[in-house]
Each structure stands twice: as structure tokens, then as C-alpha cells.
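Participant: sharing a sequence plus its predicted fold:
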Amino acid sequence: MSVPAEIYRVADLIKSMRVRGAGRIARTAAYAMKVAALKYSGNDVNGFKSYMRKVAQVLGSTRPTAVALHNALRYVLNRVERARSFEGAVAAAVSAADSFVEASLNAVRVIGEIGSRLIEDGDTVLTHCNSSAALAILKTAHGSGKRIKVYATETRPKFQGLLTYRELAESGVPVTLIPDSAARFVMREVDKVVVGADTVAANGAVINKIGTSLIALAAHEANTRFYVAAETYKFSPATILGELVTIEERGAEEVVPLDLLSRHPNLKVRNPAFDVTPPDYIDAIITERGVIPPKAAAVILLEDYGATLAEELTTITLDIEDSPA
Amino acid sequence: MLEVLERLLKDVGGFKIYSSTDVAFAVADAVVRCFSDAGNLSEAVRSVLALIEGLINTRPTSVISLNVAKRLVERAEALVRAGESKEGVAKALATEAAALKRELENLIAVAAALGARRVRDGSTIMTCSYSKSVKALFSRLKSEGKRVRAIVTESRPGGEGVAMAEELSDLGFETELIVDSAARFFMKDVDVVVVGAEAIAANGAVINKIGTSLIALAAHEARVRTFVIATTHKFSTETVFGELVRLPVVEGAALLLGLERVKGVSAKCPLFDVTPPRYIDAIVTERGVVAPEAALLLVKEVYGWPTAMDAVSCARRLVEVVERERPG
């Protein structure tokens, strides 16, 4: 059976960034896996497994560098692969998708709770882009009676800062929008920076919305605390085996109208979606399993993926031993 | 106030005129118009005073505009004292303004020639905002046959970096436009950062478009050199006496988001920031390439010591002179 049209529609929503934010994308993809499983018309287990792999491939190709998305797909797919019967495989897909979504939402709540303890009454907090985990921290702190003020960067090119602004304003948090270029200007008034993450690498480097590393640098210069809120499924197991995180470059039309470029043949737009914040500029990563120093990211990875990583390491070792000297 | 002045101040405040040199040119023209459009001399000098006060309110950082205005006001005072008519003053000032513009263009070209010596063939240069001086540097590089690549930040709010990128690419340079946030991402590809200046304080701190200090910080982190290209007209004499450069901040989201999306959004839009001298390798002026901390020496050389009266005081004195010598 071919991949249903609904799945392509979901993939399109993710690709065009109508569904955005690493956590939201991961939950949407997990849910789409469940929908795809329930729509399968055959009844043989192997056909189902290869169909689910195709569905995961369609969903995964939308944002090839989004680790949370790929971890979500792998989470569901791994449980499908282990099933022996067709009914068991479908049930595994449904329950894995449900438990991923539930665990993800729960993780955001727990991060909100833990992270809010790091926020003090009277703090001014700066945030970048639109992260559900970072927002959970700010809203929980506000809800517990701490009087906080927030600066939200507008976050070019797609203005996700406006979503952050609206969400905080609706929750009654005093919030002011600033241009991205003003991050250093306001930093002397800022007590803490809280941002989300797209991916956390094994060495504790955080890949997040373009501009995050510039803000981290300005915070570092001003001795301002810099926190990253990240669910543990954003940690990238591949990086522990040395793989680099690829930074997605998006289209020029997000920055300027394309006819402007056609008038100037020597002019190009470079539009990287993410940048890398080195662990040295990060005071802590707030996960649903606690607050960790960024350089301890490998601890989380070994806990979650230890067995798989050991298998892959064995494969690499055997390959080397087999190859002629 | 004359309608022409109101329009000028609106264009300057709303970032329709980007480059501080262009603002200064517009101010020079406006001073001339004050005389040519006014009914009499007394009306003319009062609108000059209003213009300068308005300018200080809208763009207090524009030292070069104030210096230009001051020079024209001093010239006007000499003419009034010599018994020149309103029409005579207007005519003489028009000539003076044209000469002043030529002089500034020449000084920028000299600074650009000195700056070009610091740029090697094949370099990648990062810049921000719209600067006449930086553009002059690129023109100089072109005439020297140096091939360089430009990376320009769009420079919000205002977004005048887009116009800068268009013009540099039209000069024939490979140009890449990036969002302001991406400055650190691309810094590893950059050989030198060159920016213009709105004003330079006595300690060598550079006041320029918001975001400049972030770029300088990222360059400093990456051990990339940052040069500021600015003629000595931009050195702020007032900061010598401990006066802070007041940085205008626009409250409200109109400038940030455009009018259609602004509803109910509270925003803060600083227009300029201060780059500390420790992040600046050199200031390139028409009198030489100096360390920012040596700015004071140039101030002393150009403006004398102690420095002379500021533009508002000059304009007030002109009003007094006119009222005393030409009552009614």
C-alpha cells in the first residue's frame, strides 16, 4: 500500500513550517505514524512494516536535520519492527505514538516546573524564537507568583517571536518585542536567558534557531545566565559516534522578495535556519530528567541509546577488523 | 515649523534616510531652505533653530549633521553681521552647502583610500546598515582591482542593509545578504568587518546602527578585525565634557513589524548601540588610521581645545544677532 495523502499533507505542514518548533514537529510526526498505521488496508506484518518505514521516510525527509523528529519516528518504528504479528505491529504503532506524544507533553510540563525554580522573583528574562519548553518555564514561573518581565526577539526571518509574544501576553506575562539586533543592547537589563533547542549534541553544543549563539555570546560577555530548555528526545545519538549535525539552509524568499534578487545578479541570500551554541556559553540544560551541565549530555545519550550505540560501535569495529590492512 | 523641516525630521526618524552623511546633506539643504522659503530674516533664523532642536530630538546621535548645521549657522551669522539681506544669505549659504557636500565627499574618499589599504585581495568583508563611507571603501577597492566578497546584514529595524547589499552587488562584488541573527554563523568566513559610524565618542566608543556591537563582539570572539570608517566630522566633542550620547529608542512596534501587524504589540526599538573601543581595531579617518582610544587626539586637532560652541548655542546666538541688528 502506498503512503496515504494525509501523510503527505502533514509532511507539507512540517516542511512549510506551518507546524514548527522541534517538540511540536516530533509530536505531529508521531501522531501521523499512528494515523498511517490505522489506515493500512492489508493484513500481513512484513508489508505493514515496509509501509511504516516508507511513511517514516516521507515524514523524516521534511526536516532532515531535526533530531527530535527523527527520534520520534525511530521510537515508533523500533516498536513496530519488534512486533511478530500484524495486529501486534499495528497496536505497537498506536501505543508507541500515543506514549511518545504523552511523554513529550509531560516532558514540557516537567521542564516548566523544574526550570521555573531557576527563575527568581523580579527577573527579566530574554527568550528567542518560539519554544514550548522555554515558554513552559516562563509561564510556570509567572503562574507561581514570580513577577517576571520578558524580552522576546522578533526572530527573523519568520517572526516566530510574535507567537511567543502573543502566547506570553495571553498568559498575562509582561512582554516586550525587540529586534534581533538589539540583544546586546538589552542584555544589561536581562537577568537570565532561556531558549529552547532543536538538537543537543553529545558534547553539549546546542543547535537552535539562528541567532541563539549570538545571544549566548552576548549573555556570556555580560555574565548573564544562559539556560537551554530541551526534552531528552532532542539529544542526538548519532553525534556520540562523531556525526556532525547538518544545518539546514532555507530559501531566500523567507528574507527578501525573489524579484529583488533577479534584479541583482551578484546578490545572494544565505538563510541558515540554525546555529550552534558552544557548551561554554551554556550554564545548564533543563531537561525533564533534571538540570544538567551541557557537557554531561553524553550521560543522557548513553542512558537512552546505550544498547543501540554499543551495537553500532561493534559494527564499526568489525568493519575495521575485516578491512585489509 | 516649515513643512519641509517636518518632512525631513519624519524621514530621518523613520529611517527613510539611512546614512548619517545623507542626513547631514539633507540638513544642509534644509538650512538653506530656511532662508530661501522664509518671509523675513527673523523667521528664517527661528526655523533654523527649530530645525536643529528638532534634529537633536529625532536623531541626537547625528554629530555630523550638527557639525554641518553649525558651520552654516556660523557662516549665516557672519553674513548677517556684514549686513547681507535674507536673499543674499540664502544665496551664499546655497554655495556654502554645495561646497561643504563636495568637501565631505572628498574626505570620505580619502578615508576610503586609507581603509582600502587594510583590505587584501580576495577578502570577505562583513558590514551592516547603509553607510556612504563603507560604500566608498568598496568603490575604492573596485578601482584598485581588488576582488572581495561582501556579507551584509539586513539591519532591522529599518532593513537598510538590503539597499546596501543591492548597491554593493551592483558595483560588481559578490554579495550575500543575511539576517542580523546570522552574523556569528558566518563570522568564520569573514576576514574583516568594516562598518560606518553615526558618531564617535571621546573614549573611542562607536555609536552606530543597532546590532553593530553584536557583530563587533562576534568578530572579537573569532579574532576577526573590526574597522570603523568615519570622517572626523563624526567625532562628538560634547562627550569630551562628560556628556553622554543619547541613544534614541522608538517605543511601539510600527517600525519593527510594519503597521498592519502592530495591533496591541509592545515593542522596544533602539536605533543605535555603542560598540566599546576594545572591540574596534582601528578607526579609519581622512586624517589617518588610529586606535579608537586616540580619537581624542583627532578631536583636539580638528575642533581645537577646549572645543567650541555646540550647534544649538550657535543657532540661538544667530537668533539674538538678528533680533538685535534687524529688529522687526
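Facilitator: Okay, I see it. Residues are numbered from 1 along each chain as shown, chains lettered A, B, ... in the order given.

Participant: now A:S171, nearest residue through space, not along the chain?
Facilitator: What sits nearest to A:S171 in space, not counting adjacent residues and going by CB to CB, 6 or more residues apart in numbering or on different chains, is A:K139, at 5.1 Å. Glycine gets a C-beta too; all of them are placed from N, C-alpha and C.

Participant: pLDDT of the strand or helix carrying that neighbour, averaged?
Facilitator: Under the criterion of DSSP states H and E, A:K139 resides in helix A:132-143. Helix A:132-143 shows a mean pLDDT of 97.

Participant: okay, now the sheet partners of whichever helix or strand comes after that helix, with direction.
Facilitator: Next in sequence after helix A:132-143, counting helices and strands by DSSP H and E, comes strand A:149-153. Strand A:149-153 pairs in its sheet with strand A:124-127 (parallel), strand A:175-178 (parallel), by DSSP bridges.

Participant: and those, which one averages the lowest pLDDT?
Facilitator: strand A:175-178 (a mean of 95).

Participant: how far away from the center of its chain is it?
Facilitator: 23 Å (CA atoms, centre = their mean, to the nearest Å).

Participant: thinking again about what came up before, okay, the strands paired with strand A:149-153 in CSV with mean neighbour count next?
Facilitator: Converted to CSV, these look like this (neighbours: other CB atoms under 10 Å in any protein chain shown):
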stretch, mean neighbour count
strand A:124-127, 24
strand A:175-178, 23
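
Participant: now the helices for chain B?
Facilitator: Applying DSSP state H to chain B gives helices spanning B:3-13, B:20-37, B:41-58, B:63-81, B:86-116, B:132-143, B:161-170, B:183-187, B:212-221, B:254-257, B:295-303, B:311-325.

Participant: looking at those helices, which is buried most?
Facilitator: helix B:212-221 (a mean of 26; mean count of other CB atoms under 10 Å in any protein chain shown).

Participant: can you give me the helices in chain A?
Facilitator: Ranges of helices within chain A are A:5-15, A:22-39, A:45-60, A:67-82, A:86-116, A:132-143, A:160-170, A:183-187, A:212-221, A:258-263, A:297-322, based on DSSP H.

Participant: tell me the mean pLDDT for the third one?
Facilitator: For helix A:45-60, the per-residue pLDDT values average out at 96.

Participant: counting contacts, what elements does that helix pack onto?
Facilitator: Under the contact criterion of 3 or more CB pairs under 8 Å, 6 or more residues apart in numbering or on different chains; DSSP states H and E, helix A:45-60 touches helix A:5-15, helix A:22-39, helix A:67-82, helix A:86-116.

Participant: residues of it that come out buried?
Facilitator: Neighbour-count burial for helix A:45-60 flags A:45, A:48-49, A:51-52, A:55-56, A:58-60 (criterion: 16 or more other CB atoms under 10 Å in any protein chain shown).

Participant: so how far is B:M126 from A:L267?
Facilitator: Here A:L267 is placed at a distance of 15 Å from B:M126 (CB to CB, to the nearest Å).

Participant: flag every residue of the stretch 51-200 of chain B that's near chain A.
Facilitator: Residues of the stretch 51-200 of chain B lying near chain A by CB under 8 Å from any CB of the partner chain: B:151, B:153-157, B:162, B:165-166, B:169-170, B:172-186.

Participant: shaky segments in chain B?
Facilitator: B:1-2, B:15, B:239-244, B:252-255, B:257-262, B:305-308, B:327-328 (pLDDT under 70).

Participant: okay, now the domains of it?
Facilitator: Following automatic domain parsing, one finds the domains of chain B at B:3-108+B:309-325, B:120-303.

Participant: from what I can see B:C314 touches B:E74, true?
Facilitator: Yes - B:C314 lies in contact with B:E74 (CB atoms under 8 Å); the separation is 6.0 Å.

Participant: what residue ranges in the stretch 201-325 of chain A score low on pLDDT?
Facilitator: In the stretch 201-325 of chain A, residues with pLDDT under 70: A:325.
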